[in-house]
Structure formats: C-alpha cells, structure tokens
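Q: Give me coordinates for this.
(one chain, ligands or ions: 1)
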Amino acid sequence: MSETAQKQAAFFAGILPLRLPAPRAAVAFAPSNIALGKYWGKRDDTLNLPCNSSLSVSLGSMGTTTKVSPANAQKDEVIFNERALEAENPFASKILRFTSLFRQGQTIPLRIETENSIPTAAGLASSASGFAALVSALDAAFSLDLSKEQQSCLARIGSGSATRSFWQGFVRWDRGNLQDGTDSYAVPLHATLPEFRIAIIPVDTGPKSQSSRDGMNHTVSSSPLFSSWPDRAEADCKIIEQAIMERDFVMLGETAEANALAMHATMMAARPALCYLKHESWRALETLWSARKDGLQAYAPMDAGANVKLIFLQDQEADIKSLFPNATIIEPFRER
Ligand code: PMV
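A: Okay, here's the model as predicted:
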C-alpha cells in the first residue's frame, strides 16, 4: 500500500467501526453548493486539509441522489444517470476508490446508483454533492449512524467542497488545526435569507482545463501571490458570516466577489499562469459591473471554472433575467 493510501486508510479507521455490518439498500440526497468564501490551497494533500476556512450556500434541490445496495453479482457496480459504467471509467474509479477506503479492505460488493439533478447545461461541478450523497448513503446502508460532522470529515477525502454539502443553507467549513484532520469539517450556520437568489450563467459546460485539485496545488507551489491568500480568505469568511448574521447583503456580496477574484488572481500569477475564465465569462462580468454602476445589486462569486454565478436578492430578479436571459435561477431557501 502506498504512503498516501495508508494515511487515508488510517483516517477512515479512526472514524469507522473495525467491522462493517451486512449492508441493506439505502438512498441519500445531498445538495450541491457554491462557495461565497473560497477554499483554495491544501496544507495536506492526502487528507485534503485546507489552508483556510470556507463558507458556502447550498443549492436546494440541485444535487445528487445516490443509492447503495448489496451487489447482485460478486463485484461492484457503478450506475451513473441509469448507465452502467466500467470500473476503469474515471468517474467510476473515483467512486470505487473512495468506497474501498470506506470498506477498509472487507469484501462487500456494492451496487452504487447515482443521479444528478443538476442540469448539465448549468455547468456545475457535482463532486461536492456526489461525495456527500455517497457518504450519507454508505452510512445508512451500513446502519452506522455517524454524526454529520464525522460524515463531513470522511467526504473531505473525496472532495474538499463535499464537506459543506451535508446541509441546506449557509455552511462553514472550519479549516481545523490538528494534523490528523479530525477537526476539519463543516457546520451549518443558523441563518436563513429567503430572498437570496443565485443565477447560473453557462459559459462552458464541458470538463475544465485543469481539476481544482491540480489547479490549487500548482498555485500553492508556484504563485508568488499565494502567501497572502490564507489570512485574507480567513478574514473574508468572518466578514461574510457576520454579513449573513446581520442580513447585510451588500457586505456579503462585495466580500464574496472580492474573495473570488483574489483567488483567481493567485492562479493567474502562478507559473505558468492558470486562468479558468473564458472570454464569455469576462463579458458577463463586464455586463454585471456596468449594470452595478446603474444600481443593480448583484455580485459574482466566480468559481474555479468558466461559468458565471451571480448572487442577488429577489427584488433584482427581473433585471438579472433581462440582462442574462440564459441564466438558471435558484432559490436556495425555498421550502421543499
Ligand atoms: O472540492 P474541490 O477539490 O473540487 O475544490 C473546490 C474549490 C473551489 O470550488 C474553487 C472553491 C470551493 O470552496 O468550493
């Protein structure tokens, strides 16, 4: 076993019981999320420990539903959007690698059926909701009753942003300080903002030029601007949390947009430069900035990808729709 695999196996063994009981069929849903204060840079690549805390809003009914059940044959099966995948498929092998860590070497063949309710055209990454739904379904299938915090810790090994996909609404992932990673998990914020809206403006719905994992490692190791990021990002998260608690949407939006652009600045200064934004992303940003001069209150917490996301309150919705007719509008606090 490689050193990485050993360290990850030890992390799972610290949270899970030594012997898993026989599984039963279980289904779980997890929402996708968009970071308002970004996670960018790892202090430990094996345990996915971040350099800074982050804060997100979940996307309501847009997310992943995963069913885990005992396999029919004596081997694992992965079904994505009703299509059986070969074990070598990159998506299937990511899921199976994580599931093997969870099973801790025990032979328990599973059938894993997973479906995304995120329209592909929205161009939203699904690894956050995917790993959160997988962990929740595995927890239920093995009747483990792990706490959400423990599940958040486990999902972190699959994808950092998955830590935040166990709750609806605003969620904070505390970076933690321990080297063993047991204090680095997310918690929900007890605040709602029913008028909060998100617009997703699709620019490029294909796979990104470089994964976030590779992009952040490249930035940490080569960008002269990265050293200023962790403290700034930590401070931004505190401001965003305060703005949420005080219902100060302008402070929230301005800080989220500045935080996202600072993240992009760190990667553009990397050597060689990394830029996820495309011509059309910049065009949408220019439209936004010019409309803002005329009073529009909307902000762009740009992710590590080309698609543009806007946050605003309900009273701006008509203006957003006329400026960006192809936007998908999400109401994250809508009762379900
Ligand atoms: O969860 P990952 O490893 O795909 O990284 C996500 C990184 C960002 O989306 C850019 C920021 C975030 O906090 O979600």
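Q: which residues in the protein form helices?
A: Here the chain has its helices, by DSSP state H, at 3-15, 90-103, 127-141, 148-158, 212-222, 229-245, 249-268, 279-293, 317-323.
Q: Buried deepest among the ones you listed, which one?
A: helix 127-141 (a mean of 27; mean count of other C-beta atoms under 10 Å). C-beta coordinates here come from the backbone N, C-alpha and C atoms, glycine included.
Q: Which residue, neighbours along the chain excluded, lies closest to Val78?
A: Ala92 (4.0 Å; C-beta to C-beta, 6 or more residues apart in numbering).
Q: how close does the one you found sit to the ligand?
A: 18 Å (C-beta to the nearest ligand atom, to the nearest Å).
Q: Put together CSV for the helices of the chain, with mean pLDDT on each row.
A: Shown next, in CSV, are the helices of the chain (pLDDT from 0 to 100):
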stretch, mean pLDDT
helix 3-15, 96
helix 90-103, 95
helix 127-141, 97
helix 148-158, 98
helix 212-222, 95
helix 229-245, 98
helix 249-268, 98
helix 279-293, 97
helix 317-323, 98
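Q: List of residues touching stretch 288-298?
A: By C-beta atoms under 8 Å, 6 or more residues apart in numbering, the residues outside stretch 288-298 that reach it are 199, 249-250, 253, 299-300, 308, 310-313, 316, 319-320, 323.
Q: Only C-alpha atoms, please: export that stretch in CSV.
A: Output in CSV follows, covering the C-alpha atoms of stretch 288-298 (Å, rounded to 0.1, in the frame of the first residue of the first chain):
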residue,chain,number,x,y,z
LEU,A,288,-22.5,42.9,-14.3
TRP,A,289,-20.1,45.6,-13.4
SER,A,290,-21.6,48.1,-15.8
ALA,A,291,-25.2,47.4,-14.6
ARG,A,292,-24.0,47.7,-11.0
LYS,A,293,-22.9,51.3,-11.7
ASP,A,294,-26.6,51.9,-12.6
GLY,A,295,-27.8,50.4,-9.3
LEU,A,296,-28.0,46.7,-9.9
GLN,A,297,-27.2,44.8,-6.6
ALA,A,298,-25.7,41.5,-7.8
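Q: Run the chain-centre distance for that stretch.
A: 28 Å (C-alpha atoms, centre = their mean, to the nearest Å).
Q: do stretch 238-253 as well
A: Relative to the centre of its chain, stretch 238-253 is centred 21 Å away, using C-alpha atoms, centre = their mean.
Q: Excluding residues flanking it in the chain, which one is nearest Leu189?
A: Nearest to Leu189 is Phe170, by C-beta to C-beta, 6+ apart, at 4.1 Å.
Q: do you know how far the most centrally placed residue in the chain is from the ligand?
A: Residue closest to the mean C-alpha point of the chain, counted by C-alpha atoms, centre = their mean, is Ser161 at 3.1 Å. The spacing between Ser161 and the ligand, counted by C-beta to the nearest ligand atom, is 3 Å.
Q: Tell me the residues on the stretch 201-336 of the chain that lie near the ligand, please.
A: Applying C-beta under 6 Å from any ligand atom, one finds that the stretch 201-336 of the chain approaches the ligand through 212-213, 303-304.
Q: which ones are touching the residue nearest to the centre of the chain?
A: Here Ser161 is in contact with 33, 35, 39, 54, 56, 125, 127-128, 212 (criterion: C-beta under 8 Å, 6+ apart).
Q: Taking helix 90-103 as reference, get the angle to the longest strand seen in the chain.
A: Counting by DSSP state E, the longest strand found in the chain is strand 54-70. On the basis of axes from the mean of the first three to the mean of the last three C-alpha atoms, to 10 degrees, strand 54-70 is oriented at 80 degrees to helix 90-103.
Q: quick one: average pLDDT of strand 54-70?
A: In this model, strand 54-70 carries a mean pLDDT of 97.
Q: Can you list the strands that that strand pairs with?
A: Neighbouring strands of strand 54-70 in its sheet, by DSSP bridges, are strand 26-37 (antiparallel), strand 110-116 (antiparallel), strand 170-173 (antiparallel).
Q: That strand: how far from the chain's middle?
A: On C-alpha atoms, centre = their mean, the centre of strand 54-70 falls 10 Å from that of its chain.
Q: quick one: buried residues of that strand?
A: 54-69 (16 or more other C-beta atoms under 10 Å).
Q: Spell out whether that strand and the ligand are in contact.
A: Yes. Counting by C-beta under 6 Å from any ligand atom, the ligand has neighbours in strand 54-70: Ser54.
Q: Now for the closest residue to Val171 other than its chain neighbours, how many residues are close by?
A: Excluding its sequence neighbours, the residue lying closest to Val171 (C-beta to C-beta, 6+ apart) is Arg164, at 4.3 Å. Per other C-beta atoms under 10 Å, the neighbour tally for Arg164 reads 32.
Q: my guess is Arg164 contacts Ser54, does it?
A: Yes. Counting by C-beta atoms under 8 Å, Ser54 is a contact partner of Arg164 at 7.2 Å.
Q: between the two, what contacts are shared?
A: 35, 172-173.
Q: Throw those residues into CSV and include distance to the ligand and neighbour count, thanks.
A: Output for these, formatted as CSV (distance: C-beta to the nearest ligand atom, whole Å; neighbours: other C-beta atoms under 10 Å):
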residue, distance to the ligand, neighbour count
Ala35, 3, 27
Arg172, 11, 21
Trp173, 8, 27
